[in-house]
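**Q** Just need the structure, nothing else, for what follows:
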Amino acid sequence: MEKNVIEDVFGTKVFNDDVMKEYLPKKTYAALKSTIENGEELNAEVANVVAHAMKEWALNNGATHYTHWFQPMTGVTAEKHDSFLSAESDAHAVLEFSGKELVKGEPDASSFPSGGLRATFEARGYTAWDCTSPAFLREDAIGTVLCIPTAFCSYTGEALDKKTPLLRSMEAISKQAVRVLKLLGEDDVSSVSCSVGPEQEYFLIDRDQYLQRDDLIFTGRTLFGSMPPKGQELDDHYFGAIRERQASFMKELNEELWKLGILSKTQHNEVAPAQHEMAPIFDTANIATDHNQLVMETMKKVARRHHLECLLHEKPFAGVNGSGKHNNWSLITNTGKNLLRPGSAPYDNKQFLLFLSAVIAAVDDNAALLRLSASNPGNDHRLGANEAPPAIISIFLGEQLEDIVEQILANGTATHSNKGERMDIGVQTIPPIKKDATDRNRTSPFAFTGNKFEFRMVASSMSVADANTVLNATVADVLQSMADKLEQADDMDKAVDELIHDTLKEHQKIIFNGNGYSDDWIKEAERRGLPNVRTMVDATASLVDEKTVAMFERQHVYTRTELEARAEINYEAYAKAINIEAKTMVKMAAKQYIPSIIGYVTSLAESINSIRSACPAADVSVQTELLTKCSSLLAEAQKALAALREADNKASAMEEGKEQAEFFRDVVFKAMADLRTPIDTLEDMVDKTYWPVPAYGDMLFEV
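**A** Purely as a prediction, here's the structure:
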């Protein structure tokens with residue numbers, strides 16, 4: 001394509017600002033922009049005009065249907081397509097789309113996870129247009145569809161999705177941040193938005209090999225598999241040259257994302273073989289969340305066009321690094337100021353230090369809740385496994401800010417800060433480069449990286465909505481407390497200094513700049529009183545903790561009922577995920593692995609008998625030893641298979657809830673590991689021609 005392909009295609013499938021200016025009357029455009037930017041109510045007349053313009057634009061681009069595109073608590077997106085045909089179109093096609101149809105839809109609320117908020121006989125639910133996230137066109141085999149981002153709620157008004165709480169949290173942090181800024185003299189600030197950039201890691205494997213593995217098809221990860229002789233030991237895949245097939249995929253992926261207005265910026269090979277990463281430019285939290293959902297959907301779709309399969313599971317292959325999603329988060333005023341930018345003299349930037357201390361306090365007070373926001377069953381395989389951030393939440397500030405914090409704690413204020421130096425690497429033809437004032441720390445789950453925080457724990461297959469909802473709400477709650485205190489101050493400068501000092505003193509235990517992978521840190525974190533929440537099941541309890549409920553209700557982000565529902569959904573989702581994995585293991589072991597191994601040991605026995613018959617004096621010790629070992633492991637596998645069946649049946653018969661989830665975690669999961677061990681050992685012993693599925697080496701290195 002032409003060298004200006006980005007300019008040619010970017011945003012061509014989005015009902016963006018340029019399109020609105022073209023299709024909307026000036027008065028309607030101004031009213032819609034006021035709603036988007038200032039939260040003003042959108043009246044029915046404006047909605048009707050917008051709906052007509054949106055329909056005309058969609059039709060001009062080949063659309064036949066529209067859908068309310070929403071994000072239920074399944075973690076993926078949902079949609080129901082309706083054509084633009086009117087009920088009056090009996091004689092000829094009449095195409096209509098009203099403001100009412102734009103603003104509200106009615107999907108079945110009882111068929112999505114609701115945690116008891118909706119029973120089967122209580123089916124009514126509503127989707128409501130989110131005008132802050134632009135509508136877009138999606139093109140695939142079904143044709144062109146106008147997708148309208150919406151919130152999803154029950155008939156009784158509870159949020160049944162991930163978008164509604166996120167939007168509430170964005171309003172909460174904007175409100176409280178503006179309060180604080182006005183007290184600091186920033187009178188021109190009327191709103192503060194959360195800027196988010198979620199990096200996305202993923203694996204690409206050959207689709208034919210994927211289709212031969214029931215575990216990948218049903219669970220997204222390999223439940224069996226022995227490591228090949230080479231994994232990631234040589235560090236040769238990370239940032240390595242991108243191979244032709246993957247490069248072709250990435251080229252098409254970028255073009256598809258650019259059409260949707262998604263700022264796809266960076267692409268590279270990740271640490272593990274067959275693993276890659278895509279990173280976008282930042283956007284507001286709501287749009288960034290919508291875009292990341294589209295990124296994952298588009299990755300899957302484009303991969304299959306190239307006869308590849310995109311794996312988004314957090315740990316698709318045991319023994320090599322899994323995938324995460326780094327959620328880069330910052331706060332931007334409507335005047336364009338980044339509140340987390342330290343500036344040239346961060347020690348003297350009281351506004352920055354106040355907001356920095358608010359984030360530190362929020363993370364310390366809500367560590368278990370933040371851990372939960374990054375939790376799903378797949379991430380339990382990854383967190384704390386010396387490849388990803390530990391399950392213990394801590395904050396990395398870097399040398400420069402840590403020094404400032406120490407000065408404040410010792411003296412009440414800071415008087416200086418370390419600065420980056422110029423670094424000469426000793427090659428005359430390479431000019432000196434400016435060295436940053438602080439290093440990076442890849443082992444930290446929550447790291448300050450210059451002008452933002454990078455929350456590195458989020459699971460690769462998850463929506464980033466939960467993580468940003470928690471970040472926004474918890475920081476908003478701290479800012480509210482700070483604003484309440486500052487509003488009572490007689491001497492504002494002194495009050496700000498004292499508030500920064502007291503906040504850092506109370507929460508300094510969460511700051512850790514060392515190696516988060518070390519065993520020493522686990523002991524040190526325990527000494528500091530930091531929670532080590534190892535699993536999703538453990539983390540879920542934080543949702544209904546009284547302190548959590550009070551915080552969310554104070555910020556009008558979740559009600560108690562909504563939190564209790566989400567806790568139930570989490571327990572149910574975990575139990576169902578492990579149940580599917582267990583049943584898949586049983587099926588694969590019983591119908592693929594064990595029969596294949598029997599075939600191999602039978603061939604060994606026949607070989608021994610044939611050799612002895614032909615030459616009684618021949619040495620068959622090698623075959624005999626191999627037959628003995630394989631038969632022993634086969635018996636072990638059969639015994640473990642029976643144990644897994646029994647454990648899974650017992651768990652499935654239990655009442656859904658916390659106890660069932662705990663049983664799956666403690667009993668069924670262990671039984672799965674007991675079955676995997678002998679079969680993985682046999683994979684290294686059995687003739688490859690007998691092995692029923694592609695091995696790790698085939699999938700990771702032969703793409």
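
**Q** Please list all residues in contact with the spatially closest residue to G529 that is not a sequence neighbour.
**A** Excluding its sequence neighbours, the residue lying closest to G529 (CB to CB, 6 or more residues apart in numbering) is K509, at 6.7 Å. For glycine as for every other residue, the C-beta is placed from the backbone atoms N, C-alpha and C. If you count contacts by CB atoms under 8 Å, 6 or more residues apart in numbering, K509 has them with 364, 528-530.

**Q** Output stretch 579-595 as CSV - backbone C-alpha positions only.
**A** Only the C-alpha atoms of stretch 579-595 are listed here, as CSV (Å, rounded to 0.1, in the frame of the first residue of the first chain):
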residue,chain,number,x,y,z
ASN,A,579,-14.5,-27.8,35.7
ILE,A,580,-14.1,-27.3,32.0
GLU,A,581,-10.4,-27.9,32.3
ALA,A,582,-10.9,-31.1,34.4
LYS,A,583,-13.4,-32.5,32.0
THR,A,584,-11.2,-31.8,29.1
MET,A,585,-8.3,-33.5,30.8
VAL,A,586,-10.4,-36.6,31.5
LYS,A,587,-11.5,-36.7,27.9
MET,A,588,-8.0,-36.3,26.4
ALA,A,589,-6.4,-38.8,28.8
ALA,A,590,-9.1,-41.4,28.3
LYS,A,591,-9.6,-41.1,24.6
GLN,A,592,-6.2,-39.9,23.3
TYR,A,593,-3.2,-40.3,25.6
ILE,A,594,-3.9,-43.6,27.4
PRO,A,595,-4.9,-45.4,24.2
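
**Q** Could I get the phi/psi values of Q400?
**A** For Q400, the backbone dihedrals (degrees, to the nearest 10) come out as phi -60, psi -50.

**Q** residue ranges of the strands in the stretch 451-600 of the chain, please?
**A** Using DSSP state E, counting those that start in this stretch, the strands of the stretch 451-600 of the chain run over 453-455.

**Q** re the thing from before, which member of the contacts of K509 is positioned nearest A53?
**A** D364 (48.2 Å; CB to CB).

**Q** And the helix or strand containing that closest one, what does it pack against?
**A** Per DSSP states H and E, D364 falls inside helix 350-365. For helix 350-365, the elements it packs on are helix 163-183, strand 395-396, helix 399-411, helix 465-486, helix 492-507, judged by 3 or more CB pairs under 8 Å, 6 or more residues apart in numbering; DSSP states H and E.

**Q** now do 6 Å
**A** Judged by 3 or more CB pairs under 6 Å, 6 or more residues apart in numbering; DSSP states H and E, helix 350-365 is in contact with helix 465-486, helix 492-507.

**Q** so that helix versus helix 399-411, what angle?
**A** Note on geometry: by axes from the mean of the first three to the mean of the last three CA atoms, to 10 degrees, helix 350-365 and helix 399-411 are set 90 degrees apart in direction.

**Q** and helix 350-365, how far from the chain's centre?
**A** Here the centre of helix 350-365 is set off from its chain's centre by 24 Å, with CA atoms, centre = their mean, to the nearest Å.

**Q** Which residues outside whichever strand in the chain runs longest are in contact with it?
**A** With secondary structure taken from DSSP state E, the chain has its longest strand at strand 143-154. Residues outside strand 143-154 that contact it (CB atoms under 6 Å, 6 or more residues apart in numbering) are 58, 62-70, 72, 81, 109, 117-118, 125-130, 133, 135-138, 159-161, 163-164, 290.

**Q** circling back to that earlier point, now the buried members of the contacts of K509.
**A** 364, 530 (16 or more other CB atoms under 10 Å).

**Q** between the contacts of K509, which is closest to N254?
**A** Among these, and counting by CB to CB, the member closest to N254 is D364, at 39.2 Å.

**Q** how close does the closest one get to A473?
**A** 15 Å (CB to CB, to the nearest Å).

**Q** can you check N292 too?
**A** For N292 relative to A473 (CB to CB), the value is 19 Å.

**Q** for E106, same thing?
**A** Distance, E106 to A473, by CB to CB: 29 Å.

**Q** between those two, which one's more packed in?
**A** With neighbours defined as other CB atoms under 10 Å, E106 and A473 compare such that A473 has more, 27 against 13.

**Q** Surely that one touches L167?
**A** No - using CB atoms under 6 Å, A473 and L167 do not qualify as a contacting pair, with a distance of 11.6 Å.

**Q** where do the strands sit along the stretch 1-150 of the chain?
**A** With DSSP E, counting those that start in this stretch, the ranges of strands along the stretch 1-150 of the chain come out as 63-69, 81-83, 104-105, 125-129, 136-140, 143-154.

**Q** Could you pull out the buried residues of the longest one?
**A** Going back to what we said before, that points to strand 143-154. 144-154.

**Q** Tabulate these (a markdown table), appending distance to K251.
**A** Shown next, in a markdown table, are those (distance: CB to CB, whole Å):
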| residue | distance to K251 |
| --- | --- |
| T144 | 22 |
| V145 | 24 |
| L146 | 27 |
| C147 | 24 |
| I148 | 29 |
| P149 | 27 |
| T150 | 32 |
| A151 | 35 |
| F152 | 35 |
| C153 | 40 |
| S154 | 43 |
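
**Q** if we can go back for a sec, list only those of the contacts of strand 143-154 flagged as buried.
**A** The neighbour count (16+ other CB under 10 Å) marks 58, 63-70, 72, 109, 117-118, 125-130, 133, 135-138, 159-161, 163-164, 290 as buried among the contacts of strand 143-154.

**Q** residue boundaries of the strands in the stretch 301-450 of the chain?
**A** With DSSP E, counting those that start in this stretch as the criterion, the stretch 301-450 of the chain has strands spanning 308-311, 327-333, 395-396, 422-423, 433-434, 446-448.

**Q** Ok, which of these comes nearest F669?
**A** Evaluated with CB to CB, the strands of the stretch 301-450 of the chain place strand 308-311 nearest to F669, the distance being 20.7 Å.

**Q** Return the list of strands paired to the closest one, each annotated with direction.
**A** In the sheet, strand 308-311 lines up against strand 200-206 (antiparallel) (DSSP bridges).

**Q** ok, back up a step: would you mind giving the strands of the stretch 1-150 of the chain as CSV with distance to D520 and mean pLDDT added?
**A** As requested, the strands of the stretch 1-150 of the chain are exported to CSV (distance: least, CB to CB, whole Å; pLDDT from 0 to 100):
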stretch, distance to D520, mean pLDDT
strand 63-69, 48, 93
strand 81-83, 56, 89
strand 104-105, 54, 83
strand 125-129, 50, 88
strand 136-140, 49, 93
strand 143-154, 46, 93
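
**Q** which stretches of the stretch 1-150 of the chain form helices?
**A** For the stretch 1-150 of the chain, the helices defined by DSSP state H, counting those that start in this stretch cover 5-9, 17-23, 26-38, 44-60, 99-103.

**Q** So which of the ones you listed is nearest R341?
**A** helix 26-38 (22.5 Å).

**Q** got the buried residues for the closest one?
**A** Buried residues in helix 26-38, counted by 16+ other CB under 10 Å: 28-29, 31-33, 35-36.

**Q** Let me know the closest of the residues you listed to W258.
**A** I36 (22.3 Å).

**Q** my guess is the closest one meets S133, correct?
**A** No - applying CB under 6 Å as the test, I36 and S133 come out as separate, 9.3 Å apart.

**Q** rewinding a little: out of the contacts of K509, which is nearest to E171?
**A** D364 (24.1 Å).

**Q** My guess is the closest one contacts H507. True?
**A** Yes - look at D364 against H507 with CB under 6 Å: they come within range, at 4.1 Å.

**Q** Give me the common contacts of the two.
**A** With CB under 6 Å, 6+ apart, D364 and H507 have no common neighbours.

**Q** returning to what we had before: could you dump the strands of the stretch 301-450 of the chain into TSV and include mean neighbour count and mean pLDDT?
**A** What follows is these, written out as TSV (neighbours: other CB atoms under 10 Å; pLDDT from 0 to 100):
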stretch	mean neighbour count	mean pLDDT
strand 308-311	24	98
strand 327-333	23	97
strand 395-396	25	94
strand 422-423	10	68
strand 433-434	10	68
strand 446-448	25	94
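
**Q** Including distance to F218, could those strands go into TSV?
**A** Formatted as TSV, those follow (distance: least, CB to CB, whole Å):
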stretch	distance to F218
strand 308-311	13
strand 327-333	28
strand 395-396	38
strand 422-423	51
strand 433-434	50
strand 446-448	34
